[in-house]
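Peer 1: Predicted structure and sequence below. I'll ask about it afterward.
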Amino acid sequence: MKNSMAEVGQRIAAMREIRGLTVTDMAKALDTEPETLEAAERGELDCSVTFVYKCAEALGVDLVELLTGDNPKLKRYSVVRAGEGLPVKRREGFEYQHLAYLFKNKKIEPFLVTAPYKADEQDKPITLSVHDGQEFDYVFEGTLKMAIDGKIKELHPGDAIIYDSQTPHGMIAACEGGCRFLAILLK
């Protein structure tokens, strides 16, 4: 299963065309500029998981279909062994492993996320994003610095947060060695 930016972009463009959506209509549904969508479709934009998730929602397809070109097939249960999640690299430095990529008709999108520590990010504003649904994050290792609703929160191992994903939010690792956390996007 390949998920290069060019391939993901081609799948977004193909599904948009199949659905009969113009670039302008799709960009409006994503709350972005048409030029941004066109760059993503050409594979020139390093899309975040949030962006691809929004595309999947707007197109009425499973996130995994856009990431891999395959549809999940398992309906009763799915086991993903340690280290065998679907690797998704969408935000520079962050590593995502989709933990339910084989399961069909998911109501959640669970990711094991590894965020690297970057000293130069610590005193800069954290990049924010929004998407539909809710999100639950649980920290396993390190410290997660979270910007949400105009506030900064630090989460440590064992800490969790749930929030409306329409609330602008973003996160970075706040300690050397980075941070590992579980992110569950609820549709």
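Peer 2: Right, received. Where do you want to start?
Peer 1: Just give the closest residue to Cys55, not the sequence neighbours.
Peer 2: Of all residues not flanking Cys55 in the chain, Ile12 sits nearest, at 5.1 Å (Cβ to Cβ, 6 or more residues apart in numbering). In this view, the C-beta of every residue, glycine as well, is placed from N, C-alpha and C.
Peer 1: So the one you found: helix, strand or coil?
Peer 2: Counting by DSSP: H, G, I helix; E, B strand; the rest coil, the backbone at Ile12 sits in helix.
Peer 1: Just to check, it is in contact with Glu41?
Peer 2: Yes. With contacts counted by Cβ atoms under 8 Å, Ile12 reaches Glu41, the gap being 5.5 Å.
Peer 1: So for the two, which residue has more residues nearby?
Peer 2: A count of neighbours by other Cβ atoms under 10 Å puts Ile12 above the other of Ile12 and Glu41, at 25 against 22.
Peer 1: for Met15, what are its contacts?
Peer 2: With contact set as Cβ atoms under 8 Å, 6 or more residues apart in numbering, Met15 has these partners: 55, 59, 61, 65-66.
Peer 1: Who wins on neighbours among those?
Peer 2: Of all those, the most densely surrounded is Cys55 (26 neighbours; neighbours counted as other Cβ under 10 Å).
Peer 1: Tell me which helix or strand that residue sits in.
Peer 2: Of the helices and strands defined by DSSP states H and E, Cys55 is found in helix 49-59.
Peer 1: Output that helix in PDB, but only the C-alpha positions, please.
Peer 2: Output in PDB follows, covering the C-alpha atoms of helix 49-59 (Å, rounded to 0.1, in the frame of the first residue of the first chain):
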ATOM      1  CA  VAL A  49      -3.700  14.200   8.200                       C
ATOM      2  CA  THR A  50      -6.300  16.800   8.900                       C
ATOM      3  CA  PHE A  51      -6.400  17.900   5.300                       C
ATOM      4  CA  VAL A  52      -6.700  14.400   3.900                       C
ATOM      5  CA  TYR A  53      -9.300  13.600   6.600                       C
ATOM      6  CA  LYS A  54     -11.400  16.600   5.500                       C
ATOM      7  CA  CYS A  55     -11.100  15.500   1.900                       C
ATOM      8  CA  ALA A  56     -12.300  12.000   2.800                       C
ATOM      9  CA  GLU A  57     -15.300  13.500   4.700                       C
ATOM     10  CA  ALA A  58     -16.100  15.800   1.800                       C
ATOM     11  CA  LEU A  59     -15.900  13.000  -0.700                       C
END
